[in-house]
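Undergrad: have a look at this fold, sequence not included:
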């Protein structure tokens, strides 16, 4: 596609509910990244894929967070048993060269 | 010490003046440096990249890099109200299996008409 597409745009989840956030990167982009951005803060790295391989998941805050990219294209970030501290904007970005990310519009997750 | 440090602002600059945004970083092996602009409620948008010491100009924007001082800056000339946004500094270190960008917290810039 022309850009990075994320869905849903907004998600309200009750505490304890599982959520799945989808990212469709720019076609042909090898690298895919997930970031978490809290209000007033910069994006914080969560995890990184090169094609279908998850090469770095050091930023995932707990084992409730899981990401996959099974066919090297679309990726899903799953959060189990959501907590209020998970409320943030989740940004997906893709890249085909070092550092020049293109971000999606993000998913704003609110846990109530 | 955070890997990437920015003054959170807000920084207020009169329209038409030069806005100067600063960023310091702690990892000496950082290779590439980026400035992203983020409007409220929107996602970050890449505006400048710089890889070598010195200045790089693109329209009204100039990025400056000093690796010895571990310092990168962004100058915006002839500031316009549409430049009002948060500016994020990001560094890139390509290591084995790691291509992540590390972001600062951002500087909120307001251009006063």
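TA: Done, it's in. If you're wondering where the values come from, they're calculated on a predicted model, not measured in any experiment.
Undergrad: so which residues of chain A form strands?
TA: Here chain A has its strands, by DSSP state E, at A:5-7, A:10-13, A:19-24, A:31-37, A:44-50, A:53-56, A:65-68, A:75-79, A:88-95, A:102-103, A:107-111.
Undergrad: who does the most centrally placed residue in chain A form a beta bridge with?
TA: By CA atoms, centre = their mean, chain A has its centre lying nearest to residue A:34, at 3.6 Å. Counting by DSSP bridges, residue A:34 is bridged to residue A:47, residue A:92.
Undergrad: quick check, pLDDT for it.
TA: Note on residue A:34: pLDDT of 98.
Undergrad: list the contacts of it.
TA: Going by CB atoms under 8 Å, 6 or more residues apart in numbering or on different chains, residue A:34 touches A:23, A:46, A:47, A:48, A:67, A:75, A:77, A:90, A:91, A:92. From N, CA and C alone the C-beta is placed, and that goes for glycine too.
Undergrad: wait, the third one sits on residue A:60?
TA: So that's residue A:47. Yes: the pair residue A:47 / residue A:60 is scored as a contact, 5.8 Å apart, by CB atoms under 8 Å.
Undergrad: more crowded one of the two?
TA: residue A:47 (23 against 19; other CB atoms under 10 Å in any protein chain shown).
Undergrad: what parts of chain B come near chain A?
TA: Within chain B, the positions near chain A by CB under 8 Å from any CB of the partner chain are B:4, B:6, B:8, B:31-32, B:34, B:42-46, B:49, B:88, B:90, B:92, B:94, B:97-106.
Undergrad: buried ones among those?
TA: Listed as buried from the residues of chain B next to chain A are B:4, B:6, B:32, B:34, B:43-44, B:46, B:49, B:88, B:90, B:92, B:99-106; burial here means 16 or more other CB atoms under 10 Å in any protein chain shown.
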